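Student: Sequence and predicted structure, then a few things I'm wondering about:
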Amino acid sequence: MAFGPVDVVIIGFPGNKFTGRIAPALLELVESGTIRILDLVFVSKDVDGVTTTIDLADLDPETGPAFLEVSIHAPGALGAEDADEVAEDLEPNSSALLVAFENTWAAKFVAACQAADAVVIDQIRIPADVVEAALPELVRADTPTN
């Protein structure tokens, strides 16, 4: 069985304003078969710079229940080193969610490449904000001129 590529996304929450609104979107992606969540880690830094790694079960009852519905397929895939590395870059009074997910949508493509004895040489991910900033220019470039 071929696996899709795995991404690790780090989502920051300045001011520790974590509401749990991301969980429904993740659940929808999982339910549609687009991704499979391998692991989730929450890292928080208080105003004094003290960091805490938070397990799903320890989340605030107001924000945690939606994430408790997320199935984790490789708990521990994101380890203490990952949390420590993110914590070093966090500003005081901020937090981050680390999500490791398999792009299951790409598994058939990976299997086809393997069957063709092909190898992926490189993969480049362009962040959404960069695409959005460039999109008006791309749309103008794609518009036919008279």
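Tutor: Thanks, I have the structure now.

Student: Point out where this protein drops to low pLDDT.
Tutor: Scanning the chain for pLDDT under 70 picks out 1, 55-68, 137-146.

Student: ok, now with 50
Tutor: Scanning the chain for pLDDT under 50 picks out no residues.

Student: And the helices in it, which stretches?
Tutor: 22-31, 64-68, 80-89, 107-115, 128-142 (DSSP state H).

Student: roughly how far is the fourth one from the heart of the chain?
Tutor: Spelled out, that is helix 107-115. Averaging C-alpha positions (C-alpha atoms, centre = their mean, to the nearest Å) puts helix 107-115 23 Å from its chain's average.

Student: List the contacts of the closest residue to residue 47 other than its chain neighbours.
Tutor: Of all residues not flanking residue 47 in the chain, residue 93 sits nearest, at 4.6 Å (C-beta to C-beta, 6 or more residues apart in numbering). In this view, the C-beta of every residue, glycine as well, is placed from N, C-alpha and C. By C-beta atoms under 8 Å, 6 or more residues apart in numbering, the contact set of residue 93 is 14, 15, 16, 45, 46, 47.

Student: thinking again about what came up before, mind giving me TSV with the helices of the chain and columns for mean neighbour count and distance to residue 8?
Tutor: Listed next are these as TSV, based on neighbours: other C-beta atoms under 10 Å; distance: least, C-beta to C-beta, whole Å:
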stretch	mean neighbour count	distance to residue 8
helix 22-31	14	14
helix 64-68	15	17
helix 80-89	14	8
helix 107-115	13	18
helix 128-142	9	16
